[in-house]
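1. Got a sequence here, can you model it:
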Amino acid sequence: MITNFFIPELNNHDVQELGFQQDGATCHTVRATIDLLKDTFGDRLISRFGPVNWPPRSCDLTPLDYFLWGYVKSLVYADKPQTLDHVEDNICRVIANIRPQILEKVIENWTSRLDYIPASRGSPMPEIIFKM
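-> Modelled structure (predicted):
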């Protein structure tokens, strides 16, 4: 996926200052994957074993983890799709219909989470709730 889709798609955009962040899942951090991503993003790679080490179990800080995946999944499976085509259609529809206002709220909440880091000293952030 990285070599056949992701990197060719990046070549169609100006990404010279774009950083890339991923979690520390083992399949994401095997040497071949990290080397490929380092070649593409250099010191802008945020990942386990990357130039910028992303702390393990940091889902409190990752908007995809604390919001987007659950939000998309709840809408994709709301009508109980029975085929892979139906699931794929639902994913495309849901992603296309995410309003900019929702993403603005995600960023506001992310900023709140970042502000909490010094006080939390690395502990989870149970009192920070995603606010719509």
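2. give me the low-pLDDT residue ranges for this structure?
-> Within the chain, the stretches with pLDDT under 70 are 23-24, 54-62, 64-66, 113, 116-132.
3. which residues in it form strands?
-> With DSSP state E as the criterion, the chain has strands at 20-21, 45-46.
4. So which of those is nearest Ser74?
-> strand 20-21 (23.6 Å; CB to CB). All C-beta atoms are positioned from the backbone trio N, CA, C, and that covers glycine.
5. what about the closest one, distance to the chain center?
-> Strand 20-21 sits 8 Å away from the centroid of its parent chain (CA atoms, centre = their mean, to the nearest Å).
6. Repeat that for stretch 34-49.
-> Relative to its chain's centre, stretch 34-49 lies at 15 Å (CA atoms, centre = their mean).
7. Provide the contact partners of it at residue level.
-> Stretch 34-49 has contacts (CB atoms under 8 Å, 6 or more residues apart in numbering) with 2-3, 7, 10, 17-24, 28-29, 31, 50-54, 56.
8. Let's see the distance spanning it from one end to the other.
-> 7 Å (CA to CA, to the nearest Å).
9. Same check on stretch 35-50?
-> Stretch 35-50 has an end-to-end distance of 9 Å (criterion: CA to CA).
10. now do stretch 63-82
-> End-to-end distance of stretch 63-82: 29 Å, with CA to CA as the criterion.
11. residue farthest from the centroid of the protein?
-> Ranked by distance from the centre of the chain (CA atoms, centre = their mean), the top residue is Gln82, with 26.8 Å.
12. so how far is Asp89 from that residue?
-> Note on Gln82: its distance to Asp89, by CB to CB, to the nearest Å, is 12 Å.
13. Ile2 contacts Val30, correct?
-> No - at 11.4 Å, Ile2 does not count as touching Val30 under the criterion of CB atoms under 8 Å.
14. what helices or strands is the longest helix along the chain leaning on?
-> Identified as the longest helix of the chain according to DSSP state H is helix 100-120. With contacts taken as 3 or more CB pairs under 8 Å, 6 or more residues apart in numbering; DSSP states H and E, helix 100-120 sits against helix 63.
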